[in-house]
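Visitor: Give me coordinates for this.
(2 chains, ligands or ions: 1)
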Amino acid sequence: MDTLKISTGGSVDAGKSTLIGRLLWDTDSITDDRVAAIKKASGENQLDLSLATDGLLIERERGITIDVAHVFFGSAFRNYIIADTPGHFEYTRNMITGASTSQVSILVIGADVGTEAQTERHFFINNLLRIKDVVVVVNKMDLFDFSEEVFENMKRSFKSMLDRGEFEEQRITFIPVSALCGDNVVHRSDSMSWYKGPTLLSYLDELSVDTFGLSKARFPIQCVVQDPEADFIGYAGKLLGADLSVGCEIEVLPSLKRSRVKGIQVYEKHYGRAVKGSSILLTLEDDLKLERGDMIVKAGESPLVMTTLVGVLTWMSSTSLKTGVVYDLQHGIRRVKARVDDIINKLNPDFSQKSADDDALNMNEIGRVRISLDGQIFADPFEELTVNGSFILIDPNSNDTVAVGLINGL
Amino acid sequence: MSSTAEIGTLENEAIYILRETVAQFSRPVLLFSGGKDSITLVRLAQKAFYPSKIPFPLLHIDTGHNFPETIKFRDRLVEELGLQLIVRDVQSTIDAGTVEEEVGLYASRNMLQTKTLLDAIEEFKFDACIGGARRDEEKARSKERIFSVRDISGKWDEKSQRPELFDMLNGKIEAGQNVRVFPISNWTESDVWSFIGKEHIEVPSLYFAHKRLVFIRDQMILPVNDGVVFREEYERVEERVVRFRTIGDMTCTAAILSEAIDVDSVLEELRNVSTSERASRIDDKRRLHGLEERKRSGYF
Ligand SMILES: Nc1nc2c(ncn2[C@@H]2O[C@H](COP(=O)(O)OP(=O)(O)O)[C@@H](O)[C@H]2O)c(=O)[nH]1
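Guide: Below is the predicted model:
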C-alpha cells in the first residue's frame, strides 16, 4: 500500500485538531489504549477528539502544539501521514517544513470566521512551494444548519485570494464538513444533500498524485560503491525528476563527459528501467571517475551550472540573516560555501510584494535574495523542476539549518 | 521491461537516508536490538551498499535479560552476513558502580541501558547511531527528526531540533555531539512486517505464536523467567499460546495471545488489533510520558 503525506493548516480554533482526531477516529486508527487516555482526559464531557494529536509534556504545560508532529492513519486504500503544524508558534517555519515533504495540503477554515490572515499565510506557502493539490475544508457547518449558501460564500471569499497567487496550476477542492459531528469527513453527511462532491477521505483515497513541472532525470551521486575483487564501480543515489533506462546516453556534471547507462540494480536484482524516486545503483559503460556530489543526467538535458543565484529564502532561525556573512549552502546532497549579497525584496505572505527596508531577514520572513557561491551547483529553477530547485542554508557556527531557499529562473 | 516501480517509497527513502549517513559521518554504527525493526535495518543496509559489505558495525547494548532466542538469532545473523558486532553489557556498567540495579515488582534494566549506550558512544567515538525507531510507535517519537542531534550527554531537546526540508539532511555536528538516525521513521508496524514478508527475512521465533509459561499482571501477559522477571508468589503461572509484538528486555516485554504463526497471519492480526504496539511495553506504563522522559535523558 502506498503512503500519502499530507500537511495541514488553518487559523487557531478553525478545528484542525478536531478534524484530524475525527479522521483517526472514523478510520479506526486510534488504538484502545489511546482511546482510554482520551476518554480519561475528556472527563465527563463529550469525547474531545482534538486530544488525539496532542502529546508532549511541554505542550501540556503550555497548552499548545509546538512543532511538526507526524500523525498516522490508514484507509482501505492508502496509508496516510499528516505533518501537523501548529497555528501558533514559528508558524511560517513549521508550515514550510511540513509542506515541503507533503504531496497534498489540507486547509481548514471555520464557517463562523472564514478566511483569516493565517489561512492566507498557509495558502501563500502552498502556492510558493507549488503544492499542486490543496483541499479547503469548510468546517463547523453544523453551526449554520449545514447551509449551502454559507459554504458558497466561504468558497467565494477564498477564491478571491487565488487570483493573487503566482502559481496558477493548483487544483483546489472545497469540502463542507463538521469535524465535531463527523459530517463529510469519513462518512457522507445526511444533512448536506446539496453537496455532491467527495468526503474528505474519499477525496484523499482517490487522489492521483502528480508533481508539477518538466520531467528531466537528475541523478546526484550519494556514494561510490566499489568491489575491487570484481572490478566493480557503481554509483548509488536516488533518481529524481524522470525515469532512466539501461542504454540511455548520459552526461555528467561537472565534467560534461558522456557515456551510457550499463546497468540499473537494487541489491541483487537488475532492472531495465528506474522510475523517478527510486534509490538505485547505477553503472556506466565507461569509468568516468565520478564522486559524491557529481550529477548524472540524460545527454542534452543539462541543468543550470550555477555559481550565483537568485532565490526566495525563508528564514528559520532566531539569529537574523545578515548580508555578507558566509553560510554553507546544501543543494540536495551537495554543499558549497555561500554568501547572501543582497536582499532584493521581502515578500509578505499575503501575496503583496513589499520591498526591503533593511539588510536583514528575520525569523519567519520570506525574501528574494541574490547569493554567490564559492563552488558550483547543478540545479533547476524550482518552478520548472521542484525536486532539483531547492536548497538549505546552514550556519557554520551553530551547524543549524537556518533557511530554506527556492531557486528562481534567470 | 522490468522497472523499479515495484519498490515502495518507504524503502527508497530509507536507503537514501542510510547512504547519506555513511557519506556525512565518519563513524556510524547501527544500534541492534535483535528485534524486527533492527533486523529490517540490517536488510536495508545490505541493499543500500550492495555489492559492498555493510560499511558500519552493529552495536548491541545487552541488558543480560534478553530472550535466549534473541541472542542466538543475533549471533547467527552476524555470522551469516559477515558483520562486525560490538556488545556492551549493562552488567558491566552496574559493576562499575555508575548505575544502580532496580529492585521490586517492576525492576528492569531498560532504563540503565542509557548509560551503557552513552559510554559505548564515547568509547568508540561514534558520531551517528542508526536506530529503528518509528514515529507511529509513541507520541514522543512523532516529533523526532530523521537526523536527530544529541548533545554530549546524549540529551534530546525538541526545541533545538533542526527543520528538515524536502529530502535534505543536515548532519553537520561539532566534536562530541552525535546524531541519532531513523531511516524507518515513517514506517508503521505493518509496513515493517510487509517488508519482512516481501524480502523473506528471518526473524526470531518469539514473534510467532508459541506455547509459553506466563503470568498475568495489570492485564499484561508476562513471560515466566525466575531470577530475571520478578514474580510475587500469588501470581499464578499458566501455559498460554502467545507471541511478542516487540522483543526488548525480558523484564519489560509483555506477550499477546495470538495464533499468528507466520508473516501473513501476523499482518492479518494487525489489521484487526486495536492496541498499540507499545501497549505491551511495561516500562512505558510505569509512568505517564515514560518514553519522553527517558528520551530527554539520552535513552535511545
Ligand atoms: N460546532 C463545531 N465546533 C467545532 C467543530 N470542530 C471543532 N470545533 C470546536 O472548535 C474549537 C477549536 O477546535 P480545535 O480542533 O482545537 O481547533 P484548532 O485550533 O484548529 O486545532 C473547539 O472548541 C472545538 O470543539 C465543528 O465541526 N463544529
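Visitor: which stretches of the chain form helices?
Guide: By default, I'm working from chain A. Taking DSSP state H as the test, the helices found in chain A are A:16-26, A:32-42, A:57-62, A:91-100, A:117-128, A:148-162, A:200-206.
Visitor: right idea, wrong chain: chain B
Guide: Counting by DSSP H, the helices of chain B are B:9-24, B:36-49, B:68-81, B:90-95, B:113-124, B:189-198, B:263-272, B:282-286, B:290-296.
Visitor: re the thing from before, of all the helices of chain A, which one is nearest the ligand?
Guide: Closest to the ligand of those, according to C-beta to the nearest ligand atom: helix A:16-26, at 3.2 Å. C-beta coordinates here come from the backbone N, C-alpha and C atoms, glycine included.
Visitor: quick one: buried residues of the closest one?
Guide: A:Lys16, A:Ser17, A:Thr18, A:Leu19, A:Ile20, A:Gly21, A:Arg22, A:Leu23, A:Leu24, A:Trp25, A:Asp26 (16 or more other C-beta atoms under 10 Å in any protein chain shown).
Visitor: which regions of chain B sit below the pLDDT cut-off?
Guide: B:106, B:138-143, B:156-160, B:274-300 (pLDDT under 70).
Visitor: right, and B:Thr246 touches B:Thr253 too?
Guide: Yes. Between B:Thr246 and B:Thr253 there is a contact at 6.1 Å, judged by C-beta atoms under 8 Å.
Visitor: how many neighbours does B:Gly154 have?
Guide: 22 (other C-beta atoms under 10 Å in any protein chain shown).
Visitor: Now do it against B:Lys115, distance only.
Guide: Relative to B:Lys115, B:Gly154 is positioned 9 Å away (C-beta to C-beta, to the nearest Å).
Visitor: Next one: stretch B:176-196, is it in contact with chain A?
Guide: Yes. For stretch B:176-196, a contact with chain A is found by C-beta under 8 Å from any C-beta of the partner chain, at B:Ser185, B:Asn186, B:Thr188, B:Asp191.
Visitor: ok now that stretch, how far from the chain's centre?
Guide: Centroid displacement of stretch B:176-196 relative to its chain, using C-alpha atoms, centre = their mean, to the nearest Å, is 9 Å.
Visitor: Buried residues of that stretch, list them for me.
Guide: B:178-196.
Visitor: List the contacts of stretch A:117-125.
Guide: Residues outside stretch A:117-125 that contact it (C-beta atoms under 8 Å, 6 or more residues apart in numbering or on different chains) are A:9-12, A:14, A:87, A:91-92, A:95-96, A:99, A:105, A:107, A:109, A:134, A:158, A:161, A:165, A:349-351.
Visitor: and if you look at stretch A:222-239?
Guide: Stretch A:222-239 has contacts (C-beta under 8 Å, 6+ apart) with A:217-221, A:263, A:265, A:274-284, A:287, A:290-292, A:296, A:333, B:12, B:15-16, B:19-20, B:22-23, B:48-52, B:167.
Visitor: what do you get if the cut-off is 7 Å, keeping everything else the same?
Guide: Residues from elsewhere that reach stretch A:222-239, judged by C-beta atoms under 7 Å, 6 or more residues apart in numbering or on different chains: A:217, A:219-221, A:274, A:276-283, A:287, A:290-292, A:296, A:333, B:12, B:16, B:19-20, B:22-23, B:49, B:51-52.
Visitor: try stretch B:232-250
Guide: Under C-beta under 7 Å, 6+ apart, the answer for stretch B:232-250 is B:33-35, B:63, B:65-67, B:70, B:108-110, B:204, B:206-215, B:217, B:221, B:223-225, B:228-229, B:253, B:255-260, B:277, B:280-281.
Visitor: So which of the residues you listed belong to strands?
Guide: Using DSSP state E, the subset of the contacts of stretch B:232-250 located in strands is B:His210, B:Lys211, B:Arg212, B:Leu213, B:Val214, B:Phe215, B:Arg217, B:Ile221, B:Pro223, B:Ala255, B:Ile256, B:Leu257.
Visitor: Got a ChimeraX select line for the buried ones in these?
Guide: Of those, the buried ones go into a single ChimeraX selection, burial set by 16+ other C-beta under 10 Å:
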select /B:210,212,214,215,217,221,223,255,256
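Visitor: Pick the one among the ones in strands among the contacts of stretch B:232-250 closest to chain A.
Guide: Chain A has its nearest neighbour among those in B:Ile256, at 12.3 Å by C-beta to the nearest C-beta.
Visitor: From A:Arg34, how far out is that closest one?
Guide: Counting by C-beta to C-beta - B:Ile256 and A:Arg34 are separated by 17 Å.
Visitor: And for A:Ile371?
Guide: A:Ile371 is 46 Å from A:Arg34, by C-beta to C-beta.
Visitor: Kindly report the same for A:Asp48.
Guide: Counting by C-beta to C-beta - A:Asp48 and A:Arg34 are separated by 13 Å.
Visitor: Between the two, which has more neighbouring residues?
Guide: A:Arg34 (19 against 16).
Visitor: still on that earlier bit, just the contacts of stretch A:117-125 that are near chain B?
Guide: With C-beta under 7 Å from any C-beta of the partner chain as the criterion, the contacts of stretch A:117-125 include A:Ile96 near chain B.
Visitor: Please pick the buried ones from the contacts of stretch A:117-125.
Guide: For those, buried by 16+ other C-beta under 10 Å: A:9-11, A:14, A:87, A:91-92, A:95-96, A:99, A:105, A:107, A:109, A:134, A:158, A:161, A:349, A:351.
Visitor: of those, list those near the ligand.
Guide: By C-beta under 6 Å from any ligand atom, the members of the buried ones among the contacts of stretch A:117-125 lying near the ligand are A:Gly10, A:Ala14.
Visitor: thought B:Thr116 was touching B:Thr63?
Guide: No. Using C-beta atoms under 7 Å, B:Thr116 is not in contact with B:Thr63, being 8.5 Å away.
Visitor: which residues do these two both contact?
Guide: B:Val90.
Visitor: Can you report how many residues neighbour A:Asp142?
Guide: Residues near A:Asp142, counting by other C-beta under 10 Å, number 17.
Visitor: What sits closest to it if chain neighbours are left out?
Guide: A:Ser178 (4.2 Å; C-beta to C-beta, 6 or more residues apart in numbering or on different chains).
Visitor: so who does the one you found touch?
Guide: A:Ser178 neighbours (C-beta under 7 Å, 6+ apart): A:Asn139, A:Lys140, A:Met141, A:Asp142.
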